[in-house]
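Asker: can you look at this prediction? I've put the sequence above it.
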Amino acid sequence: MFQLDSHDPTPLYAQLERAIRTAVATGALAAGDRLPTVRQLAVDLRVNANTVARVYGELERAGLLETRRGVGTFVASPGVGAAGRPELKKRLDALGDRYLSEAQALGFSAREAIAALEARLSTERGRHGDHTRG
């Protein structure tokens, strides 16, 4: 489901958090989808269970995941949590502004930056075998 690179200097928890966020952002994981248990994902990724628990906890606090006691961990519905939809839209706009600004600083046009995102979305969907969403 997720892949970590032990040669990447990025800490494993950060790689896992990024992988889950990317899977949700690209639609590979949708609201209500169940994630593996902490122990199962730790075994699958060959990492300490505390690493997975840390990431699940942080993403739960961020409103991206929700844990149902005795049932499991799921992708939260959009707008769940303290921030409502208008606040989330405002944050998305700010994120887009930062992305485009940094892309421009690197010498890319807005069209090139958006094309890069679309290519990444296509790659993520292909990696997760999802050809039906969005």
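Answerer: Nice, thanks for sending it over. Numbers count the residues shown, from 1 in each chain.
Asker: show me the contacts for Arg69.
Answerer: By Cβ atoms under 8 Å, 6 or more residues apart in numbering, Arg69 lies in contact with nothing. From N, CA and C alone the C-beta is placed, and that goes for glycine too.
Asker: what about it, distance to Gly96?
Answerer: Separation of Arg69 from Gly96 (Cβ to Cβ, to the nearest Å): 36 Å.
Asker: could you do Ala30 as well?
Answerer: Separation of Ala30 from Gly96 (Cβ to Cβ) stands at 21 Å.
Asker: so what's Leu59 closest to, chain neighbours aside?
Answerer: Nearest non-adjacent residue to Leu59, counting by Cβ to Cβ, 6 or more residues apart in numbering: Leu65, 4.4 Å away.
Asker: who's that neighbour bridged to?
Answerer: Judged by DSSP bridges, the bridge partners of Leu65 are Val75.
Asker: tally of neighbours for it?
Answerer: For Leu65, the count of nearby residues is 21 (other Cβ atoms under 10 Å).
Asker: got the contact list for it?
Answerer: By Cβ under 8 Å, 6+ apart, the neighbours of Leu65 are Ile20, Leu35, Tyr56, Leu59, Thr73, Phe74, Val75, Ala76.
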